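Asker: Whatever this is, show me its structure:
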Amino acid sequence: MSKPNRVFTAEFRVEVAKRILAGESVSKLHHELAIKRSVLYRWRDAYNKEGLAGLDRRVGRPPGEPNPSTPKPGVSAEDTLRSEIAALQRKVGEQAVQLDFFARAFKRVKESSRNSSKTGATASTERSEP
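Answerer: Sure thing, here's the model as predicted:
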């Protein structure tokens, strides 16, 4: 089970960034605040680059990042959906082939374990009834 995301105020992030810029160890802050080092470095860099505005962002996709569901230019939504359907159908087909393979393999293993219950045969992982 994962930990819920903590939300920090912009003021808190600014104070942490200022502490790092003042020379405080990122490792020390990491242990003190229980915040990943990568997050602390990100806060420092954002504050260095844009000041308070760099740390006063809402949770979510950063500005300028395209929405993955946005269709590509020159491609209709219908064409996009058709290609997604085709990809899903291919995936279902691959899974059907795998299921068939494993069903046959399981059947062979089960049959060979039944045939090898004779004296002197290789031991099976299944327990036989006395």
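Asker: okay, CA-based contacts and neighbour counts for the rest of this
Answerer: Will do.
Asker: Longest helix in the chain, please.
Answerer: Secondary structure of the chain per DSSP state H: the longest helix is helix 77-115.
Asker: which residues touch Arg37?
Answerer: Arg37 makes contact with 26-27, 30 under the criterion Cα atoms under 8 Å, 6 or more residues apart in numbering.
Asker: Please indicate which of those residues are buried?
Answerer: Val26 (16 or more other Cα atoms under 10 Å).
Asker: what pLDDT does Ser38 get?
Answerer: Note for Ser38: predicted pLDDT of 94.
Asker: Can you name the element that comes right after the host helix or strand of it?
Answerer: Ser38 belongs to helix 37-50 when assigned by DSSP states H and E. For helix 37-50, the following helix or strand on the C-terminal side (DSSP H and E) is helix 52-55.
Asker: For that next one, list every residue counted as buried.
Answerer: Of all the residues in helix 52-55, those buried under the rule 16+ other Cα under 10 Å are 54-55.
Asker: what's the weakest-modelled helix or strand in this protein?
Answerer: Every helix and strand of the chain was ranked by mean pLDDT, DSSP states H and E. The lowest is helix 52-55, at a mean of 83.
Asker: Distance of Cys106 relative to Asn115?
Answerer: I think there's a mix-up here, since residue 106 is Phe and not Cys. Counting by Cα to Cα, to the nearest Å, the separation of Phe106 from Asn115 is 14 Å.
Asker: ok, these two, which is more surrounded?
Answerer: Legend: neighbour count by other Cα atoms under 10 Å for Phe106 and Asn115, higher for Phe106 (12 against 9).
Asker: and the more buried one, how far is that from Asp100?
Answerer: Distance of Phe106 to Asp100, computed by Cα to Cα: 10 Å.
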